[in-house]
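A.B. asks: sequence-free structure coming up:
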């Protein structure tokens, strides 16, 4: 019998980390660490933890995700989103492990009229996007076997996200004004975790680091289809309140000023993911219905 692989998951209390702790079950010994057990701001602790656990696969959903706060908290954003992933990658290369890391649509400037593909030029418009891009670059430069999975508009039944914010505000107000000129794919945290687990299962089944190295690189992992934040909000209320929720008024980005600039187009093609791993991502509306059914169960 082959040795049971160890799968290390960071940020287990986050939206994606919480789901990964469940979807990765059965693939090996899943070691889940929250911030108290592994503070990614402590780079020496990252090194010692990885060396002690000796994981076969490191899955890193932990990140600094306060997009607007990052504009003034630059050092923390860069440390968590750029330096920490680089150290994880260096330790993965040192030990022969694989690193699965998550990035964002915010590495793009949003000016492309079509869906972005992995080879499109990056041009982040805010500190958060710049920090995540620096993390991508650090991982690639390390030489480790890795997958960088870019996703977008992540939501789920826990944590802080657009879905939960809308449900809260919708119960309190008769009318909500929501941005209608930014487009992307709302992506359920469970979709991300389940897709990741399918990939990890393939890699562990191959039992060959060369399998991972041949597939190393950037992949887009988002739900299929696209909508605006306004369309996303309306869909939430249509499902949750049977169309009897608050009036959702479309507004422009300029009508809702925030510190960090957002891309107008966050659509990303996941064709490469499908061709490489045989995964077919669900339509964002179908995933939203599943999430809502799960949340209300």
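C.D. replies: Received the coordinates, thanks. If you're wondering where the values come from, they're calculated on a predicted model, not measured in any experiment.

A.B. asks: make it CA atoms for all contacts and neighbour counts henceforth
C.D. replies: OK.

A.B. asks: contact partners of stretch 108-115?
C.D. replies: 121-125, 129, 262-269 (C-alpha atoms under 8 Å, 6 or more residues apart in numbering).

A.B. asks: With distance to residue 82 added, can I get these in a markdown table?
C.D. replies: Converted to a markdown table, these look like this (distance: C-alpha to C-alpha, whole Å):
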| residue | distance to residue 82 |
| --- | --- |
| 121 | 19 |
| 122 | 16 |
| 123 | 16 |
| 124 | 14 |
| 125 | 16 |
| 129 | 10 |
| 262 | 20 |
| 263 | 21 |
| 264 | 24 |
| 265 | 24 |
| 266 | 21 |
| 267 | 23 |
| 268 | 22 |
| 269 | 24 |
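
A.B. asks: Which pair of these spans the longest distance?
C.D. replies: Greatest spatial distance among these (C-alpha to C-alpha): 125 and 269, at 20.2 Å.

A.B. asks: picking up where we left off before, ok, the contacts of stretch 108-115 vs residue 207, which is closest?
C.D. replies: The closest of these to residue 207 turns out to be residue 269 (C-alpha to C-alpha; 28.8 Å).

A.B. asks: How about residues contacting stretch 134-143?
C.D. replies: Residues contacting stretch 134-143 (C-alpha under 8 Å, 6+ apart): 78, 81-86, 89-90, 93, 103, 146, 148, 217.

A.B. asks: In helices, which of those residues fall?
C.D. replies: Judged by DSSP state H, these include 78, 84, 85, 86, 89, 90, 93 as members of helices.

A.B. asks: Max pairwise distance over those: which two?
C.D. replies: It's 78 and 93 that sit farthest apart of these, by C-alpha to C-alpha, at 21.4 Å.

A.B. asks: more neighbours, these two?
C.D. replies: Legend: neighbour count by other C-alpha atoms under 10 Å for residue 78 and residue 93, higher for residue 78 (23 against 18).

A.B. asks: returning to what we had before: any chance of the contacts of stretch 108-115 in JSON lines, with pLDDT and neighbour count too?
C.D. replies: JSON lines is the format used below for these (pLDDT from 0 to 100; neighbours: other C-alpha atoms under 10 Å):
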{"residue": "121", "pLDDT": "98", "neighbour count": "11"}
{"residue": "122", "pLDDT": "98", "neighbour count": "17"}
{"residue": "123", "pLDDT": "98", "neighbour count": "15"}
{"residue": "124", "pLDDT": "98", "neighbour count": "21"}
{"residue": "125", "pLDDT": "97", "neighbour count": "17"}
{"residue": "129", "pLDDT": "98", "neighbour count": "28"}
{"residue": "262", "pLDDT": "97", "neighbour count": "21"}
{"residue": "263", "pLDDT": "97", "neighbour count": "22"}
{"residue": "264", "pLDDT": "97", "neighbour count": "19"}
{"residue": "265", "pLDDT": "98", "neighbour count": "24"}
{"residue": "266", "pLDDT": "97", "neighbour count": "30"}
{"residue": "267", "pLDDT": "98", "neighbour count": "30"}
{"residue": "268", "pLDDT": "98", "neighbour count": "26"}
{"residue": "269", "pLDDT": "98", "neighbour count": "19"}
